[in-house]
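Novice: requesting a structural model of the entry that follows:
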Amino acid sequence: MTGLGGGAAAPGDYVYFKSVVPLHKISGYRVISIDVPQVWNHHEWIHSFEKFLDSMNIHHVHICGTSLGGFLAQIFAQYRPRRVKSLVLSNTFLETHKFAAAMPWSPLVSWTPSFLLKRYLLTGIRDGPHEPFIADSVDFVVGQVVSRSNTYACYKYK
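Specialist: Numbering: from 1, shown residues only. Sure, this is the predicted structure:
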C-alpha cells in the first residue's frame, strides 16, 4: 500500500485510514447550520435554541460545534440532556469568564448607538485598499452592527 507521496502508507495517514475503515452512508439526517441569535446570556441561548428546535419539530439533535458554537452546544447539552443525542466539538472552550473579564464594557453594547459602534470598530482598521477577503470581513462586521441595532430597535418598541 502506498501513501500520498508514493511511499508506504502508515497508521495515521488518511490513505491508510480510508483503506482500513469502510465507507458508511447514512441517510435520513437533516443538517441545519445556524447563527447565534442576539442573546446576552446562556439562559437566553438555551431558550432561543429550544424554541428554534420546537418550531422545526425537532425533538432530539446531534450537535456539532466549533469555538463559541461548541461552548453553546455544551451548555445546551448540560441543561437539556434529553434533547441531545451526541456532541461533536472542535476548538471549543469550557467557560467564558476570561472573555467577560477582558470586556467589562460588553453590557453597554446593547445600549450603544450603531453609529458609535461602527466608528469604534472601524478605527482599528487601516484606510486604503484591502485584500478582497478582508474587505468582505469588514463589510460583514459592519452589517452585523447595523442589523443588531435594527433588531434591538424592533425588540425595544414592540
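Novice: tell me the contacts of the residue nearest to the spatial centre of the chain?
Specialist: Central residue of the chain (Cα atoms, centre = their mean): residue 69, 3.8 Å from the mean position. Contacts for residue 69 (Cβ atoms under 8 Å, 6 or more residues apart in numbering) come out as 36, 92. Heads up, the C-betas are built off the backbone N, CA and C, glycines and all.
Novice: checking it next. Helix, strand or coil?
Specialist: helix (DSSP: H, G, I helix; E, B strand; the rest coil).
Novice: any regions of the chain where pLDDT drops low?
Specialist: The chain contains residues with pLDDT under 70 at 1-12, 96-97, 99-110, 146-158.
Novice: all helices of it, in order?
Specialist: 14-20, 42-55, 68-79, 97-102, 114-123, 132-157 (DSSP state H).
Novice: residue 86 is nearest to which of those helices?
Specialist: Among the helices of the chain, the nearest to residue 86 by Cβ to Cβ is helix 68-79 (9.0 Å).
Novice: keeping just the C-alphas, turn that closest one into PDB.
Specialist: The C-alpha trace of helix 68-79 is given here as PDB (Å, rounded to 0.1, in the frame of the first residue of the first chain):
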ATOM      1  CA  LEU A  68     -18.200  29.600  20.700                       C
ATOM      2  CA  GLY A  69     -20.700  27.200  19.000                       C
ATOM      3  CA  GLY A  70     -19.000  24.300  20.800                       C
ATOM      4  CA  PHE A  71     -19.300  26.100  24.100                       C
ATOM      5  CA  LEU A  72     -23.000  26.800  23.400                       C
ATOM      6  CA  ALA A  73     -23.500  23.100  22.400                       C
ATOM      7  CA  GLN A  74     -22.100  22.000  25.700                       C
ATOM      8  CA  ILE A  75     -24.300  24.500  27.600                       C
ATOM      9  CA  PHE A  76     -27.400  23.200  25.800                       C
ATOM     10  CA  ALA A  77     -26.400  19.600  26.500                       C
ATOM     11  CA  GLN A  78     -25.900  20.400  30.200                       C
ATOM     12  CA  TYR A  79     -29.300  22.000  30.600                       C
END
